[in-house]
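K.L.:
what follows is a predicted protein model with its sequence.
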Amino acid sequence: MDTIDLLWRKEAPQLRRGRPPKYTTDQIVSTAITVADEKGAEFTVRDVAAAVGIPVMSLYSYVDGREQLIALMVDQVYLDMAYTDITSIGPGDDWQTMLSAVVADNLALFAEHPWLTDLAVIHAVAGPGALAKYERELTAVESLPFSDIAKDAVLTLALDFARTRSHTAATTAYEHAAQLPEKLAELGAAERFPIAARMVTAQAGKAPAHEVGFDVILTGIATVNAAITHHHGPAGDSGNRGRLTMRTPKSGPFAG
């Protein structure tokens, strides 16, 4: 069955001929998510079939293959994710608070389903979960005086930050970090690379906090927003509709 049809199976149920299947698509997807939560992104179709209790070939009567199954899984976790009602946490133009809430929601999502950060690309096919998530999160950047393409780019930047930060935190890069400063000193590396050694010592045994990096992103967006507002007025004014596009300014900061 086509992936789009499967994603929208509840809104537009498909008639199936013959004997009803033993399991529903929802049960297959739910089991696959549980398997991925336990085994990570390297799970196989065989793993899912074993968890369901059916032969591998029988699983292909529900999905065409692993790629289609992952598309269904991603959309389902988007549907099920807990999220902040960002429209109720501040004024409609408080994009910084709203975008911060979006990042926090996605950090929580990745913590619950770490395998999402290991997928080569989280390409959301246009399913109900992906569209609901996209619509909800776009609200955070809607008040910015940027073009729609630029607004999407800002949201993507925030989501990529959350994904990268979650992936970094989920790795074992910090397993021996507590002993690293002492080891570098023994090897004499601290003298050769004093700045790097200082940073390693500061971070020893700690996963980096995400707040600093995201504050830099917010500051950059705020700087662009302030410059556009200064020259063209608040967002929504006749002279300030989508002033920021994805083109590089020809001269000066944010020229256009």
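P.N.:
Arrived safely. Numbering: from 1, shown residues only.
K.L.:
quick one, phi psi at residue 146?
P.N.:
phi -110, psi 160 (degrees, to the nearest 10).
K.L.:
tally of neighbours for it?
P.N.:
If you count neighbours by other C-beta atoms under 10 Å, residue 146 ends up with 24. The C-beta positions use only the backbone N, C-alpha and C, and glycine is treated the same way.
K.L.:
same deal with residue 167?
P.N.:
14.
K.L.:
any idea how far it is from residue 101?
P.N.:
Distance from residue 167 to residue 101, counting by C-beta to C-beta, to the nearest Å: 21 Å.
K.L.:
the stretch 51-200 of the chain: helices as residue ranges?
P.N.:
All helices of the stretch 51-200 of the chain, identified by DSSP state H, counting those that start in this stretch, fall at 56-59, 66-80, 95-112, 128-138, 148-170, 180-187, 189-192, 194-203.
K.L.:
what comes up buried for the second one?
P.N.:
This points to helix 66-80. Residues 68, 69, 70, 71, 72, 73, 74, 75, 76, 77, 78 are the ones in helix 66-80 that count as buried (16 or more other C-beta atoms under 10 Å).
K.L.:
any idea how far the first one is from residue 224?
P.N.:
Read that as residue 68. 39 Å.
K.L.:
compare the helices of the stretch 51-200 of the chain and give me the one nearest residue 3.
P.N.:
Nearest to residue 3, of all those, is helix 66-80, at 5.2 Å by C-beta to C-beta.
K.L.:
off-centre distance for the closest one?
P.N.:
Helix 66-80 sits 14 Å away from the centroid of its parent chain (C-alpha atoms, centre = their mean, to the nearest Å).
K.L.:
what do you get for stretch 2-18?
P.N.:
Relative to its parent chain, stretch 2-18 has a centroid offset of 27 Å by C-alpha atoms, centre = their mean.
K.L.:
may I have that stretch as CSV, with CA atoms only?
P.N.:
Output of stretch 2-18 as CSV, limited to C-alpha atoms (Å, rounded to 0.1, in the frame of the first residue of the first chain):
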residue,chain,number,x,y,z
ASP,A,2,1.1,3.5,-0.7
THR,A,3,2.9,5.2,2.2
ILE,A,4,0.6,8.3,2.1
ASP,A,5,-2.4,6.0,2.3
LEU,A,6,-1.0,4.2,5.2
LEU,A,7,-0.2,7.4,7.1
TRP,A,8,-3.8,8.6,6.6
ARG,A,9,-5.3,5.1,7.2
LYS,A,10,-7.6,6.4,10.0
GLU,A,11,-9.0,9.3,8.0
ALA,A,12,-9.4,7.3,4.8
PRO,A,13,-9.7,3.6,5.7
GLN,A,14,-8.8,1.2,2.9
LEU,A,15,-11.0,-1.7,2.1
ARG,A,16,-9.2,-5.0,2.1
ARG,A,17,-10.4,-8.1,0.4
GLY,A,18,-10.2,-11.6,1.9
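K.L.:
okay, buried residues for that stretch please.
P.N.:
By neighbour count on 16+ other C-beta under 10 Å, the buried set for stretch 2-18 is 3, 6, 7, 8, 9.
K.L.:
picking that back up, I'd like the buried residues of helix 66-80 laid out as a markdown table, including distance to residue 36 and pLDDT.
P.N.:
Formatted as a markdown table, these follow (distance: C-beta to C-beta, whole Å; pLDDT from 0 to 100):
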| residue | distance to residue 36 | pLDDT |
| --- | --- | --- |
| 68 | 14 | 95 |
| 69 | 10 | 96 |
| 70 | 8 | 95 |
| 71 | 13 | 94 |
| 72 | 12 | 96 |
| 73 | 7 | 96 |
| 74 | 10 | 96 |
| 75 | 14 | 95 |
| 76 | 11 | 96 |
| 77 | 9 | 97 |
| 78 | 14 | 96 |
